[in-house]
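Engineer: Structure of the sequence below:
(chains A, B, C and D)
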There are 2 protein chains.
Amino acid sequence: MLHEEVVGRIRAILLDGEIPPGARIPERELCERLEISRTPLREALKVLAAEGLVQLLPHRGSRAAKLTDKDMRDLFEVCQGLEALAGELACERITDAEIGAIAAAHDEMVRHYRDGDLIQYYRGNRAIHEAIVTAAGNPVLAGLYTSVTARIRRARYVTPMTPQRWALAVKEHEAILNALQRRDGVGLAHILRAHLRHKREEVLQAGFAETEGNDVTLRIA
Amino acid sequence: MLHEEVVGRIRAILLDGEIPPGARIPERELCERLEISRTPLREALKVLAAEGLVQLLPHRGSRAAKLTDKDMRDLFEVCQGLEALAGELACERITDAEIGAIAAAHDEMVRHYRDGDLIQYYRGNRAIHEAIVTAAGNPVLAGLYTSVTARIRRARYVTPMTPQRWALAVKEHEAILNALQRRDGVGLAHILRAHLRHKREEVLQAGFAETEGNDVTLRIA
DNA sequence: TTTTACACTTTTGAATGCAAAATTTGCGAT
DNA sequence: ATCGCAAATTTTGCATTCAAAAGTGTAAAA
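Structural biologist: Residues are numbered from 1 along each chain as shown, chains lettered A, B, ... in the order given. Predicted coordinates for the structure are as follows:
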């Protein structure tokens, strides 16, 4: 198993909440499960610690990082900035074909909205946001975006929404698509920022910070 | 020696250009020099690879990452976005004391400009940009900023400037300070973006991409 | 009964050793 | 002299091992 694959698998375990935020990461167990020894596992944990997904305590092992309200706020704030930048750049560089693909994804997402299928809606939603970032044509930006969104993914794509909020989000997505089609970078940046600001308020109001005894996984079910 | 210290020391070696971009990283030598064994060294290298400072080639060791023109452009683009965001947030949150400190740093920097001391000018310049990011009060943002700026530091703070460009940069810094004092977030974001755009053009024009046979260190001397 | 001291266990962090892969060296053929 | 190929050497990646630190349990003393 390659180094990057080890990192990826542990990242998946953490993002799935299989090891819940704040819990200790059992080196021995993970080694057995991934069928590797402690050396490559520990290398991966240090990388994930640098990413912010794992917290290393000297001589006390590693834990799955826990996000406070402040962390969540900071991450959303940065995410807003990154998506706004991506939107502006995308408008300069996006091809008609890419716009077409996003429009198709948008229509499909709206169908899931009408069907009331939140899971599928979120899936499409995420694909659109990622497509915009990709269209920006900046791998550095894409990398930071991936890393920041990974940390808030569970909160962002798991929060239940009220009908009102959901309707607003869909409306905002109409505006996002529209700005893209007009290649209105400044406008797109604005609407993306507002869109994420609303999402953040939603998440924080729902109390989704990963603090003591707040098991998000339970709430999902 | 603590893990973070190992990472820091290798980072410094790379940023100083002691191991020039593209060169192989000699594990054995570094181990002896840092007086550690290969295990912690390799952990550090993987972390630095995740940061983009080191390139890992499976079964072929690690090299100091080399930046192409495109990489440089992408990094500056992201840096613009991060600084603009930091500027906006800073205007919302900065204290009078912090503004005072930045004003003092600014005055000192201008003195170095008048003295024609580019090294000291750059040092002060960097301190101001970092102070603005700090004033944004967002550690996630600060972390990304540190990591992105580290990668372009040599280009950013080493490029020789023409008198015209230097004068323009100082003028822009007057505007930066002014916007901060007025707590004009949008204005500050704009001027920071323009400032960095100019810097990027300067760097790219100077041909500072770390491509084959382009030893930046030589040019500094 | 509560607290503290102490031995014991577990776990962490790092050095060493070993097999596999890659690079370099040496030699023969053209 | 140059090219090609095989043997030798080096280097990489990982498993194992070892010392040190943290955690745990027990028993004695207050």
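
Engineer: Counting neighbours, what do you get for the closest residue to DNA strand C within chain A?
Structural biologist: Among the residues of chain A, residue A:61 lies closest to DNA strand C, at 3.0 Å counting by Cβ to the nearest atom of the strand. No exception for glycine: its C-beta is placed from N, CA and C like everyone else's. Neighbourhood size, residue A:61 [other Cβ atoms under 10 Å in any protein chain shown]: 13.

Engineer: Check the offset of the longest helix along chain A from the chain's centre.
Structural biologist: When chain A is parsed with DSSP state H, its longest helix is helix A:69-93. Averaged C-alpha coordinates place helix A:69-93 at 11 Å from its chain's average position (Cα atoms, centre = their mean, to the nearest Å).

Engineer: ok and it relative to helix B:69-93, angle-wise?
Structural biologist: Between helix A:69-93 and helix B:69-93, the angle comes out at 130 degrees (axes from the mean of the first three to the mean of the last three Cα atoms, to 10 degrees).

Engineer: Flag every buried residue along helix A:69-93.
Structural biologist: For helix A:69-93, the neighbour count (16 or more other Cβ atoms under 10 Å in any protein chain shown) marks A:71-91 as buried.

Engineer: if I read this right, the residue of chain A closest to DNA strand C contacts residue A:28, doesn't it?
Structural biologist: No: counting by Cβ atoms under 8 Å, residue A:61 does not reach residue A:28; the two are 10.8 Å apart.

Engineer: ok, back up a step: return only those of the buried residues of helix A:69-93 found close to chain B.
Structural biologist: With Cβ under 8 Å from any Cβ of the partner chain as the criterion, the subset of these in contact with chain B comprises A:71, A:74-75, A:77-78, A:80-82, A:84-85, A:89.

Engineer: Please report how far the nearest residue to residue A:95 once chain neighbours are set aside lies from residue A:93.
Structural biologist: Excluding the flanking residues, the one nearest residue A:95 by Cβ to Cβ, 6 or more residues apart in numbering or on different chains is residue A:135, at 7.9 Å. The spacing between residue A:135 and residue A:93, counted by Cβ to Cβ, to the nearest Å, is 6 Å.

Engineer: hmm, back to that, residue contacts, the residue nearest to residue A:95?
Structural biologist: The contact partners of residue A:135, by Cβ atoms under 8 Å, 6 or more residues apart in numbering or on different chains, come to A:86, A:89-90, A:93-95, A:98, A:102.

Engineer: Just give me the neighbour total for residue A:181.
Structural biologist: 16.

Engineer: what separates it from residue A:166, distance-wise?
Structural biologist: 23 Å.

Engineer: ok, back up a step: just the pLDDT at the residue nearest to residue A:95, thanks.
Structural biologist: Note on residue A:135: pLDDT of 98.

Engineer: swap in the one 3 residues further on?
Structural biologist: For residue A:138, the model assigns a pLDDT of 98.

Engineer: Find the nearest non-adjacent residue to it, please.
Structural biologist: Nearest in space to residue A:138, with sequence neighbours left out and distances taken as Cβ to Cβ, 6+ apart, is residue B:74 at 4.7 Å.

Engineer: Test my guess that that neighbour contacts residue A:141.
Structural biologist: Yes: with contacts counted by Cβ under 8 Å, residue B:74 reaches residue A:141, the gap being 6.9 Å.

Engineer: helix, strand or coil for residue A:62?
Structural biologist: Secondary structure, DSSP: H, G, I helix; E, B strand; the rest coil: residue A:62 is strand.

Engineer: Tell me which residues touch it, please.
Structural biologist: A:24-25, A:27, A:45, A:49, A:54-56.

Engineer: Those residues: which ones sit near chain B?
Structural biologist: Counting by Cβ under 8 Å from any Cβ, residue A:56 from the contacts of residue A:62 sit close to chain B.

Engineer: tell me which residues in the helix or strand hosting residue A:192 are buried?
Structural biologist: Using DSSP states H and E, residue A:192 falls within helix A:185-205. The neighbour-count check on helix A:185-205 (16+ other Cβ under 10 Å) flags A:185, A:187-196, A:199-200, A:202-204 as buried.

Engineer: before we move on, what SS does residue A:106 have?
Structural biologist: Under three-state DSSP, the three-state class of residue A:106 is helix.

Engineer: Correct me if wrong: it contacts residue A:128.
Structural biologist: Yes: applying Cβ under 8 Å, one finds residue A:106 in contact with residue A:128, separated by 6.2 Å.
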